[in-house]
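[1] All I have is the shape, not the residue letters:
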């Protein structure tokens, strides 16, 4: 059986420095995705979306491991695209109007057939109503700036400001959506040690 470490292969995208903002080019990648609105801290829909994403992602992983592919890999971390209708009013203080797409990246060898089988299996075994909202599609960001934030989500403000200042000082403009990648299991790690990649596409 082949074993691969996707996060290590994509280390430049998933393990940036916490000391400085870096510029990266993010290629097209495939994701499980689900959309929603509202404050993630209080939204039941958000919690349900995360639950169904991981259920499908692990079903896909076990299919790849035990099936003809015989490839073992670690499920990738949860990621989130966050935005409001007018991004100039995007605020960490008021999240009630936030729109979001939560997603988990899938390896190149995962096909639509594998995903469809996983969706059917999760639907049969767990009966999660949000399963019908999950989609499998590609996403491309291209040129972006990113940095690692260490600490609770509520303290991201200064880190985001550093990111935006870097983009402006480099002569670029922000495009697309605020992107976060959650590397820590917040159920087991104390908030002061949470690691979150914060990324912003630019042009």
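    Everything's here; your move. As the structure is a computational prediction, the values presented were derived from the model and not from experiment.
[2] buried set for stretch 48-62?
    Residues of stretch 48-62 classed as buried by neighbour count (16 or more other C-beta atoms under 10 Å): 48, 49, 50, 52, 53, 54, 55, 56, 57, 59, 60, 61. C-beta here means a position set from N, CA and C on the backbone, and glycine is covered the same way.
[3] Return the distance of the strand or helix carrying residue 119 from the chain's centre.
    In this assignment (DSSP states H and E), residue 119 forms part of helix 112-126. Here the centre of helix 112-126 is set off from its chain's centre by 21 Å, with C-alpha atoms, centre = their mean, to the nearest Å.
[4] ok, residues contacting that helix?
    With C-beta atoms under 8 Å, 6 or more residues apart in numbering as the test, helix 112-126 has contacts from 32, 52, 55-56, 59-60, 63-64, 67, 106, 128, 131, 134, 136.
[5] give me the element the residue positioned nearest the centre of the chain is part of.
    Centroid-nearest residue in the chain: residue 79, 1.1 Å away (criterion: C-alpha atoms, centre = their mean). Under DSSP H and E, the secondary-structure element containing residue 79 is strand 78-83.
[6] Following that strand in sequence, what is the next regular element?
    strand 99-106.
[7] Could you check how far the residue lying closest to residue 83 once chain neighbours are set aside is from residue 75?
    With C-beta to C-beta, 6 or more residues apart in numbering as the measure, residue 177 is the residue that lies nearest to residue 83, at 4.4 Å, once sequence neighbours are left out. Noted for residue 177: a distance of 23 Å to residue 75, by C-beta to C-beta, to the nearest Å.
[8] With neighbour numbers in mind, choose between those two.
    Taking neighbours as other C-beta atoms under 10 Å, residue 177 and residue 75 compare with residue 177 leading, 19 against 16.
[9] I'd guessed the more buried one sits against residue 84; true?
    No: with contact defined as C-beta atoms under 8 Å, residue 177 and residue 84 do not form a contacting pair (9.8 Å).
[10] re the thing from before, adding distance to residue 168, write the buried residues of stretch 48-62 out as TSV.
    TSV is the format used below for those (distance: C-beta to C-beta, whole Å):
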residue	distance to residue 168
48	37
49	33
50	33
52	38
53	33
54	36
55	40
56	38
57	36
59	43
60	39
61	40
